[in-house]
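S.K.: Here is the input, now give the coordinates:
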Amino acid sequence: MFSRQTTIQSFLFLLIAILSSPIYAAQSPSQAHSRITAWKHTVEHPDPIFITILTKALDITRHEYGSYEIISSKEMEQGRAVQRLAIKYEGVLDIAHFASSIEREKGAIAVKVPLLNGLLGYRVCLINKGDQHKFSTIDNKQAFIDSHLSIGQHQDWPDTDILKSNGFNVSTSYKYTLLFQQLKKKRFDCYLRGINEITDEYEKYKELDFEIENTLLFHYPYPIFFFVHESDPELAQRITLGLTRLKDKGELSELVKHYHKAQIDKLHLNKRKIITIENRILPEQSMQTLKPISWLTL
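M.R.: Have a look, this model is predicted:
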């Protein structure tokens, strides 16, 4: 019979052999990352570029971090998704994409590689049919403010604070889809939308008789980042590595161009008067991540 000591030694040798084996080593990246819960709006966004970029960033880091599975979160508005990335909500949400702000960067880990190269900071008004005359004589920020025209925005979006801090008259709603209905009811004059969003939204809500305003282009620095749950710096490192590799290969810029250049060309941006707006709620370091977009003609 084997002694107890011999049995323990045999067990330890077996355990060491298993831990040292190539099979075990291949499975060693953190198992917490095999299932990644992403914000439903990231996974199912009408613009597929966000889930495409996330998938590519995870694929290109598979060698270092292992396989993964993306799980969609429950439906939630943006403000709630921001909250769910805080420590006290661990296990609810791992990653989401948002526009950055000082407050948002305090409550989650911002992966500071802009997903759209700042494209969302270029904005155009969606207006009611027949309202173009209200905008045609405006040629600068102060003239827009003095006109007393109102802008519709979501209460949880950083845009609301950006616009208010610059003196604009802003009307808010708690839900994205309601803003289209409120524009139709003339609760405000302009629903300010990103140039990468507005043409698709115009087509989607065509029955409401909207128009795309054709003389003005608003701009403020506005990077979109992936935000990762506070408790998961390793996932943030993985996403940072993946995005940096995609950026260095030029693939990130090509994706933005592929998904958005054709629709943006329809807006004739080079014929518009630019209204420049300060973004006072964006950290300076995040501001510096934005670079000129080579194919954007202004």
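
S.K.: Let me know the helix or strand that Leu192 is in.
M.R.: Using DSSP states H and E, the element containing Leu192 is strand 190-194.

S.K.: Now do that strand: which elements does it pack against?
M.R.: When contacts are defined as 3 or more CB pairs under 8 Å, 6 or more residues apart in numbering; DSSP states H and E, strand 190-194 packs onto strand 122-128, strand 150-154, helix 176-184. Glycine gets a C-beta too; all of them are placed from N, C-alpha and C.

S.K.: Helix 176-184 and the first one, what's the angle between them?
M.R.: Just to be clear, that refers to strand 122-128. 50 degrees (axes from the mean of the first three to the mean of the last three CA atoms, to 10 degrees).

S.K.: pull the CA atoms of strand 122-128 into PDB?
M.R.: Extracted in PDB, the C-alpha atoms of strand 122-128 (Å, rounded to 0.1, in the frame of the first residue of the first chain):
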ATOM      1  CA  TYR A 122     -20.100  67.400 -36.500                       C
ATOM      2  CA  ARG A 123     -23.900  68.000 -36.400                       C
ATOM      3  CA  VAL A 124     -26.700  69.100 -38.600                       C
ATOM      4  CA  CYS A 125     -30.400  70.000 -37.700                       C
ATOM      5  CA  LEU A 126     -33.300  67.800 -38.500                       C
ATOM      6  CA  ILE A 127     -36.200  70.200 -38.900                       C
ATOM      7  CA  ASN A 128     -39.900  70.300 -39.800                       C
END
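
S.K.: Now distance to Gln78 too, for the helices and strands packed on strand 190-194, in TSV please.
M.R.: Converted to TSV, the helices and strands packed on strand 190-194 look like this (distance: least, CB to CB, whole Å):
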stretch	distance to Gln78
strand 122-128	17
strand 150-154	7
helix 176-184	8
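
S.K.: distance between the helix or strand following the strand holding Leu192 and the chain's centre?
M.R.: Counting by DSSP H and E, the next helix or strand C-terminal to strand 190-194 is helix 198-204. Helix 198-204 sits 19 Å away from the centroid of its parent chain (CA atoms, centre = their mean, to the nearest Å).

S.K.: Which pLDDT value does the model give Glu90?
M.R.: Here, the pLDDT recorded for Glu90 equals 88.

S.K.: how near is the closest residue to it other than its chain neighbours to Thr240?
M.R.: The spatially closest residue to Glu90, leaving aside those adjacent along the chain, is Ser231, at 5.2 Å (CB to CB, 6 or more residues apart in numbering). Applying CB to CB, to the nearest Å, the value for Ser231 to Thr240 is 16 Å.
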